[in-house]
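>>> Model the following, please.
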Amino acid sequence: MQVRGLLLLLALILLAATAEAGKNKKEKTKKDGSECEDWRWGPCVPNSKDCGLGYREGTCKDETKKLKCKIPCNWKKKFGADCKYKFESWGGCSTQTGMKTRSGVLKKALYNAQCEEIVYVTKPCSSKIKSKSKGQS
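From the prediction side, this is the model:
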């Protein structure tokens, strides 16, 4: 009976300590937060080369902040890493240019980035000739 009471008391102490730790964490995030609501964010600047981990600087009135960010190494440099587009399927191959084209419509602009509404991309046509599948004769 005493063991059960002791375990119950330990469980209550542990629960109270956990709740207090959570409260302190919430208070800390409120202190670090800013009252400013009109943040202007710059582009993500990689730490080295042109992709990978980096930081983004923001300003609001007389405050500045830096946020960690990441630029994927396969991003479309022409559009910027903060502009997200929905692309349609590739068009047919142009015999005049030997290129395929497709367009993308702006889906999301992150951190108030200046993005074009519609973008166009091209790539060389494939020189491979697709063969029929093995099941057909």
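>>> Now do the single longest strand found in the chain: everything it contacts.
Assignment by DSSP state E gives strand 99-109 as the longest strand of the chain. Under the criterion Cβ atoms under 8 Å, 6 or more residues apart in numbering, residues 79, 82-94, 115-125 lie in contact with strand 99-109. Just so you know, the C-beta spots here come from the backbone N, C-alpha and C atoms, and that holds for glycine as well.
>>> what does stretch 43-57 give?
41-42, 64-73, 75, 77, 80-82, 111, 113.
>>> buried ones in that stretch?
Of the residues in stretch 43-57, Pro43, Cys44, Pro46, Cys51, Gly54, Arg56 count as buried by neighbour count, 16 or more other Cβ atoms under 10 Å.
>>> which stretches of the protein form helices?
When assigned using DSSP state H, the helices of the chain occupy the ranges 2-32.
>>> how does it divide into domains?
For the chain, the TED database gives the domain ranges 36-73, 75-126.
>>> Now do the residue nearest to Thr64 when sequence neighbours are not counted, the pLDDT please.
Spatial nearest neighbour of Thr64, chain neighbours left out: Glu57 (6.4 Å); criterion: Cβ to Cβ, 6 or more residues apart in numbering. With respect to pLDDT, Glu57 scores 91.
>>> quick one: Glu57 from Pro124, how far?
According to Cβ to Cβ, to the nearest Å, Glu57 stands 38 Å off from Pro124.
>>> Same question for Ser48.
To Pro124, Ser48 is 30 Å away according to Cβ to Cβ.
>>> which stretches of the chain have low pLDDT?
1, 6-7, 9-12, 17-34, 75-77, 128-137 (pLDDT under 70).
>>> one more time with 90
Across the chain, the ranges flagged by pLDDT under 90 are 1-52, 61-63, 69-84, 95, 109-115, 121, 125-137.
>>> I'd guessed Ala81 sits against Cys73; true?
No. Between Ala81 and Cys73 there is no contact under Cβ atoms under 8 Å: 10.4 Å.
>>> More neighbours: those two, which one.
Ala81 (22 against 10; other Cβ atoms under 10 Å).
>>> For that one, grab phi and psi.
Ala81 adopts backbone torsions of phi -70, psi -20, taken as degrees, to the nearest 10.
>>> ok, it to Gln2 distance?
Between Ala81 and Gln2 the computed distance is 63 Å (Cβ to Cβ).
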